[in-house]
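J.: what's the 3D shape of this:
(one chain, ligands or ions: 2)
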Amino acid sequence: MRTIAVVNQKGGCGKTITAINISAFLAKQQRKVLIIDMDPQGHTTLGLQTDSVHPGGTVSEVLLRESNREGPGLKDVRRAVFPGLDLIPADIVLSGVPDRLSEVPGREYRLAKALFEVRGNYHYVIVDCPPSVGLLTFNALMACSEAIIPLDPSFFSLHGIGKLMETLDVLARRAGHDIEPRALITLYTGRTDFVREVVADIRKHLPDRVFDTIVRFSIKLAEAASHGLPIVEYCRRCAGYDDYRMVTAEILRQEERRPVFSGEIEDSKTATTFDIGQADTLVPSAPVSTPEGVLFTLEAPEAQRVQIAGDFNSWAPAGNEMEFSNGVWRTILSLAPGRYKYRYIVDGDWTADPLNPEVERSPYGDYDSVIDLE
Ligand SMILES: Nc1ncnc2c1ncn2[C@@H]1O[C@H](COP(=O)(O)OP(=O)(O)OP(=O)(O)O)[C@@H](O)[C@H]1O
Ligand SMILES: [Mg+2]
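T.: Numbers count the residues shown, from 1 in each chain. Ligands and ions are numbered 1, 2, ... in the order given. Reported below is the predicted structural model:
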């Protein structure tokens with residue numbers, strides 16, 4: 001499953017239009033796509049659905065639920081837009097979520113955790129971010145391994161772009177996992193020398209991090225969104241249709257490096273070197289000491305690969321695969337008495353142990369799980 005955040009703290013640069021239209025084109029290419037609206041303005045929701053009265057829930061309830069077992073999950077609040085495309089809606093209530101979670105440990109992981117339960121149901125998850133760097137954007141980045149950064153060249157200087165890339169690197173470090181960013185030039189008019197120069201500069205300075213396609217200014221894109229439709233359902237003879245079709249083609253070409261079909265990533269579910277014995281009926285919990293060693297368990301039925309890293313293995317996930325059986329990932333490690341910090345790496349995403357309340361703030365401002373062994 002590819003997870004892509006559409007992110008830029010600058011407002012009005014085409015994030016929502018990009019998220020909506022690449023999601024729709026991907027779905028038309030037989031990919032199963034979940035688009036998540038993480039902006040309290042709810043523009044993605046409005047841009048894909050014209051009915052303003054929603055009987056179901058929104059992303060806010062999912063982020064605010066107490067535990068995975070209580071309250072709605074993504075599966076409960078998703079709505080079908082058309083075959084292959086589901087939407088997780090948002091509304092203004094989302095603006096209050098960061099305050100309500102302000103003291104809650106692990107609040108940055110809420111979206112990532114919620115995504116576990118839909119892993120395996122989608123080839124792509126596209127997250128539309130709000131125009132700010134706060135908890136909502138951070139949740140999106142925690143949940144994603146790629147980012148598309150729409151840039152409106154008429155407002156940008158190269159300095160601004162450098163700053164943006166820096167911010168993204170800092171956020172990726174704080175998120176504790178790599179996020180591959182790629183800039184997408186949008187709202188291009190090409191009318192002035194300044195705009196043409198900015199585009200040339202972006203290309204020169206970020207050679208491998210820019211989409212080849214430039215999205216031109218196309219009034220049909222705004223019109224389509226105002227009718228609650230992606231461009232592919234609204235107008236097939238306009239620049240907006242051609243450009244987002246091309247952007248999507250680039251995203252699909254990247255599948256050579258980032259496969260999305262479970263058949264192709266099945267191999268990564270390799271056997272572990274640990275013999276877990278009779279643990280098949282195990283209920284997941286925080287780590288427990290057993291005669292064989294410390295037993296780590298994680299419930300992640302849809303994950304393709306789970307590893308463990310901590311200060312006991314120099315935080316190196318390679319070679320530290322967990323074994324999967326009956327919906328539970330497990331491994332036994334032989335550890336000397338002491339205090340250890342660790343995380344699970346679920347399909348490349350570093351997450352704290354959801355069942356271990358003991359956490360410690362990491363140097364990057366997020367949380368590691370902690371165990372004390374007598
Ligand atoms: N290529 C385009 N051509 C013409 N209009 C566009 C294009 N892309 C976006 N727009 C319009 O520009 C405005 C801003 O776009 P959009 O809402 O996608 O930006 P955003 O980055 O999501 O904004 P915000 O930061 O407020 O969430 C909208 O009215 C949208 O319809
Ligand atoms: Mg937006």
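
J.: next to ligand 1, which bits of the stretch 201-350 of the chain? Give me the list.
T.: Contacts of the stretch 201-350 of the chain with ligand 1, taken as CB under 6 Å from any ligand atom, map to 215, 217-219, 221-222, 225, 240. C-beta: built from backbone N, CA, C; applies to glycine.

J.: what's the distance between the residue nearest the centre of the chain and ligand 1?
T.: Ranked by distance to the mean C-alpha position of the chain (CA atoms, centre = their mean), the top residue is Cys144 at 2.4 Å. Separation of Cys144 from ligand 1 (CB to the nearest ligand atom, to the nearest Å): 16 Å.

J.: after the lowest-mean-pLDDT helix or strand in the chain comes which helix or strand?
T.: Across the helices and strands of the chain, mean pLDDT, DSSP states H and E gives its lowest value to helix 262-265, namely a mean of 36. Using DSSP states H and E, the helix or strand that follows helix 262-265 towards the C-terminus is strand 288-290.

J.: tell me the strands beside that next one, with direction?
T.: strand 293-299 (antiparallel) (DSSP bridges).

J.: contacts for the strand it pairs with, please.
T.: With contact meaning CB atoms under 8 Å, 6 or more residues apart in numbering, strand 293-299 is reached by 279, 282-285, 287-289, 306, 308, 322, 327-335, 342, 344, 346, 353-355, 371, 373.

J.: tell me which residues of it come out buried.
T.: Neighbour counts over strand 293-299 (16 or more other CB atoms under 10 Å) mark 294-299 as buried.

J.: closest to Val198 among those?
T.: Checking the buried residues of strand 293-299 against Val198 by CB to CB gives Leu298 as the nearest, at 45.8 Å.

J.: bridge partners for that closest one, pull those for me.
T.: Beta-bridge partners of Leu298, as defined by DSSP bridges: Trp329.

J.: tell me what the one helix or strand Ala112 maps to is packed against?
T.: Using DSSP H and E, Ala112 falls within helix 110-116. Secondary structure elements in contact with helix 110-116, counted by 3 or more CB pairs under 8 Å, 6 or more residues apart in numbering; DSSP states H and E, are helix 59-64, helix 135-143, strand 349-351.

J.: rebuild those as TSV, extending it with mean neighbour count and mean pLDDT.
T.: Formatted as TSV, those follow (neighbours: other CB atoms under 10 Å; pLDDT from 0 to 100):
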stretch	mean neighbour count	mean pLDDT
helix 59-64	22	95
helix 135-143	24	91
strand 349-351	23	92
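
J.: so which of the ones you listed gets nearest ligand 2?
T.: helix 135-143 (11.7 Å; CB to the ion).

J.: which residues are contacting that closest one?
T.: With contact meaning CB under 8 Å, 6+ apart, helix 135-143 is reached by 3, 5, 7, 9, 36, 38-40, 63, 94, 97-98, 101, 107-112, 115, 125, 127, 129-130, 147, 171-172, 174-175, 179, 349, 366.

J.: which other helices and strands contact the helix or strand following that helix?
T.: Going down the chain from helix 135-143, the next helix or strand is strand 146-151, by DSSP H and E. Contact partners of strand 146-151 among helices and strands, from 3+ CB pairs under 8 Å, 6+ apart: strand 2-6, helix 15-28, helix 158-175, strand 180-185.

J.: correct me, but Gln49 touches Val81?
T.: Yes - taking contacts as CB atoms under 8 Å, Gln49 lies within contact range of Val81: 7.1 Å.

J.: what's the biggest strand in the protein, counting residues?
T.: Counting by DSSP state E, the longest strand found in the chain is strand 338-346.

J.: and that strand, how far out from the chain middle?
T.: 22 Å (CA atoms, centre = their mean, to the nearest Å).

J.: for that strand, buried residues please.
T.: Applying 16+ other CB under 10 Å to strand 338-346 flags 340-346 as buried.

J.: just give me the closest of the residues you listed to Pro230.
T.: Looking across these and measuring by CB to CB, the closest to Pro230 is Val346, at 30.4 Å.

J.: which residues does that closest one contact?
T.: 116, 298, 300, 303, 305-306.

J.: give me the distance between the residue nearest to the centre of the chain and Phe138.
T.: From Cys144 across to Phe138, the span is 11 Å (CB to CB, to the nearest Å).

J.: hang on, the earlier thing: can you redo the helices and strands packed on strand 146-151 as a markdown table with distance to ligand 1?
T.: As requested, the helices and strands packed on strand 146-151 are arranged in a markdown table below (distance: least, CB to the nearest ligand atom, whole Å):
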| stretch | distance to ligand 1 |
| --- | --- |
| strand 2-6 | 8 |
| helix 15-28 | 3 |
| helix 158-175 | 13 |
| strand 180-185 | 10 |
